[in-house]
Structures are given as C-alpha cells and as structure tokens.
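Visitor: Need a 3D model of the following:
(one chain, ligands or ions: 1)
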Amino acid sequence: MDNKLRVSELHELLNQYNYEYHVLDKPSVPDSEYDRLMQELIKLEEENPELKTADSPTVRVGGQVLEGFQKVEHRIPMLSLGNAFNEQDLRDFDRRARQAVGETVSYVCELKIDGLAVSLMYENGIFVQGSTRGDGTIGEEISVNLKTVRSIPLRLKEPVNIEVRGEVFMPRKSFEKLNAGRLENEEEPFANPRNAAAGSLRQLDPKVAAKRNLDVFIYNIADTSKTNVVSHSDGLNWLEKIGFKTNRERRKCATIDEVIEYVNEWVVKRPELTYDIDGIVIKVDSLDQQEELGFTAKSPRWAIAYKFPAEEVVT
Ligand SMILES: NC(=O)c1cc2c(N)ncc(C(N)=O)c2s1
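Guide: Now for the predicted structure:
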C-alpha cells in the first residue's frame, strides 16, 4: 500500500481506538494493538517526514521541548462564576433570574471539576490551539501539552469551526501514584490533584505531560451563536456527538427545588468520584434566557457555583 494512504488509515484507526478507550471507556482492541499501530505510524513518519502532520496521533506522546509559552487572547473572555454557599443563596439566584426574564426558568446542574480551565479551538474539526484561562482575557498557549491529553480529540466527527471550554484534571489514583513516585525520588509531592494537573500542563517538555495521565471534561461552547443549539443541555449533547468527553453526571432541573436536591445528593456522593470536585455549577438552560440575563462585570448572571465547604484536612 502507498505510504500516504497507510498513514491516513493509521490516523483513522488510532483516533477511533483512542476515542473508544479514553472518551467512551469502551476499548474495542487491546492496548497492544493500539501500541503496534502507533509504532508503525511513528516509523512511517520518521522514514517519510513529509507525511507527518500537526494532527497526527503521534503527538500524543509529546514532541520537542518548548522555550516558553506564547500568550493567547481569548476573543470571548473566560469568566469566573458567582458563588453560592447555602440553600438561601440558591433560592435568591433563582428568584433574581425569574424576575429578570419574567417567566419560569429551568436549569442544568453539573459537577464543578477541581482542575484547570482550558479553551480548545477547532478549525474544520481539527484541534488547532489550546490555552489556559490565565486572567480570563490572556492565557498561555499550551497546545502541545493538551494534545497529550488522550481524551481531548485531535479530530472531531464533524468538520466544524468551534471553540469549547472545559477543565483538565488529574484522576485521584494518578495523583496518588505520581506523588508516591515523587517521594521515592525525594521530589516535592504535589499538594492536590489540581496543582498536579496545573503543574503538568505548564511543563515545557510535552513528554512529561504525556506521562501524567491527565483527563478532561468539556462543558461550554464559547460562542453558541454559530451553532443551532437552543439550550445548554442540547449543546452538551451535541458536543458529545461530535467527539468531546462531557461529564455524564449532569442533570436538567425544572425547579430550584430539584437543583437543591441534586446538590444535596452530591454532598453525600462526592467521595465516591474518581476525581476531585469543589462544588456544583448551576446554569439557566435556555440560551435565549441566558442572553436576556447577560453578565455582570466579571460573571454570567445565568450561572452560579454552589461551593462545597472546604474538606477539613484529616491530620
Ligand atoms: N468558571 C467557569 O465558568 C466554570 C468552571 C467550571 C468547572 N470547574 N467545572 C465544571 C464547569 C461546568 N460544568 O460548567 C465549570 S464552568
């Protein structure tokens, strides 16, 4: 078979197997088959450098060390969320939203992932740039490190131009293994999975990030005006359909009572998760109502973060 044809066939196979394993958690081939195909592609690219492309699955293992990170301006700012600390705060949020739109409001509740917020840009379905939140307007360009996060798709199932936001995190088990290794090497352990994820993504050597078993949940479309979704929940379902990993614990809530029920459920279930969360994000589901509610200087009026009390450290 002609090398160019074999390279594109290997791209398809490796992207599909990676998607099944890291996004669906349902691999259809053993790791050994994935590794064999990856080695074949690495060899073909070494022998035919003109066949290596920026979206090749071989970027998953990390390329050359960077001098530093470029700055990236977020065309749409990555805002922070207003906080709620108790049931009354949530009821006040609901009352303000209903009064502002003059009708009933339904919500989507999502786990607030304790990781590092990132923005991912896709052109014709190809991952072209990834950056950190930074100060919300200017972030750091960390595309090569984000390409090593196996659950971040290099190529979507539809050739769309889209910018999405999500949270990169380190699963608790990976955090514990990483710190055990650091202690063995007399290195400073990371304080928590969030710091470990942030530290990994800020590495100038992508081969280090590639070994840190980072993961992602995508939770927002930056500019929904270019899509035909009418609600946030539709948007998340569409993101899933085109190949993104979203958090399946999300729930549509018709009333603030149902929101409070969901929050109370997760106060109890939180320790069962395989990753850290620091609260619940509650968003108005209708995009029309979101637009009507708009933003304060620094946060959307159509979303709020219910913050769990900080976990007391067991000494
Ligand atoms: N700062 C923000 O806007 C958000 C931060 C987070 C977070 N850390 N985890 C989950 C979500 C979500 N599902 O929307 C959001 S939204």
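Visitor: is the residue of the stretch 51-200 of the chain found nearest the ligand in a bridge, and if so with what?
Guide: Scanning the stretch 51-200 of the chain for the residue nearest the ligand gives Glu110, at 3.4 Å (criterion: C-beta to the nearest ligand atom). C-beta here means a position set from N, CA and C on the backbone, and glycine is covered the same way. Note on Glu110: beta-bridge partners by DSSP bridges are Val281.
Visitor: Next, count neighbours for it.
Guide: By the criterion of other C-beta atoms under 10 Å, Glu110 has 24 neighbours.
Visitor: my guess is it contacts Tyr219, does it?
Guide: Yes: applying C-beta atoms under 8 Å, one finds Glu110 in contact with Tyr219, separated by 6.1 Å.
Visitor: Next, show the common contact partners of the two.
Guide: Listed as contacting both Glu110 and Tyr219 by C-beta atoms under 8 Å, 6 or more residues apart in numbering are 247, 281.
Visitor: Show me the shaky parts of this protein.
Guide: Low-confidence regions of the chain, defined by pLDDT under 70, span residues 311-315.
Visitor: who in it is up against the ligand?
Guide: Listed as neighbours of the ligand in the chain under the rule C-beta under 6 Å from any ligand atom: 79-81, 110, 112-113, 117, 167, 219-220, 281.
Visitor: residues in contact with whichever residue of the stretch 201-315 of the chain sits closest to the ligand?
Guide: In the stretch 201-315 of the chain, the residue that lies nearest the ligand is Tyr219 (3.4 Å; C-beta to the nearest ligand atom). Taking C-beta under 8 Å, 6+ apart, we find Tyr219 in contact with 110, 113, 165-167, 236, 246-247, 281.
Visitor: repeat that for 6 Å
Guide: Contacts for Tyr219 (C-beta atoms under 6 Å, 6 or more residues apart in numbering) come out as Gly166.
Visitor: Then Gly63?
Guide: 144, 206.
Visitor: now do Phe85
Guide: By C-beta under 6 Å, 6+ apart, the contact set of Phe85 is Lys307.
Visitor: how much space between it and Ile277?
Guide: Taking C-beta to C-beta, to the nearest Å as the measure, Phe85 falls 16 Å from Ile277.
Visitor: try Val7
Guide: Val7 is 40 Å from Ile277, by C-beta to C-beta.
Visitor: repeat for Leu201
Guide: Using C-beta to C-beta, one obtains 19 Å as the distance from Leu201 to Ile277.
Visitor: Counting neighbours around each, name which of the two comes out higher.
Guide: A side-by-side neighbour count of Leu201 and Ile277, using other C-beta under 10 Å, places Leu201 first with 25 against 21.
Visitor: Please list all residues in contact with that one.
Guide: The contact partners of Leu201, taken as C-beta under 6 Å, 6+ apart, are 116, 142, 145.
Visitor: Can you tell me the closest non-neighbouring residue to the second one?
Guide: The spatially closest residue to Ile142, leaving aside those adjacent along the chain, is Leu201, at 5.4 Å (C-beta to C-beta, 6 or more residues apart in numbering).
Visitor: Please work out how many residues are found near the closest residue to Ile221 other than its chain neighbours.
Guide: Of all residues not flanking Ile221 in the chain, Gly235 sits nearest, at 5.1 Å (C-beta to C-beta, 6+ apart). Counted by other C-beta under 10 Å, the residues lying close to Gly235 total 21.
Visitor: Looks to me like Gly235 is in a helix.
Guide: Yes: with DSSP: H, G, I helix; E, B strand; the rest coil as the criterion, Gly235 is assigned to a helix.
Visitor: Please report how far it lies from Ala196.
Guide: 30 Å.
Visitor: Could you do Asn48 as well?
Guide: 37 Å.
Visitor: Looking at these two, which is more packed in?
Guide: Counted by other C-beta under 10 Å, Asn48 and Ala196 do not tie: Ala196 has more neighbours, with 22 against 13.
Visitor: Can you tell me the closest non-neighbouring residue to the more buried one?
Guide: Closest residue in space to Ala196, ignoring its immediate chain neighbours: Phe190 at 3.8 Å, by C-beta to C-beta, 6+ apart.
Visitor: what secondary structure does that neighbour sit in?
Guide: coil.
Visitor: Can you show me the strands along the stretch 201-315 of the chain?
Guide: Ranges of strands in the stretch 201-315 of the chain, per DSSP state E, counting those that start in this stretch, are 215-221, 251-253, 277-284, 303-307.
Visitor: For stretch 9-18, buried residues please.
Guide: 10-11, 13-15, 17-18 (16 or more other C-beta atoms under 10 Å).
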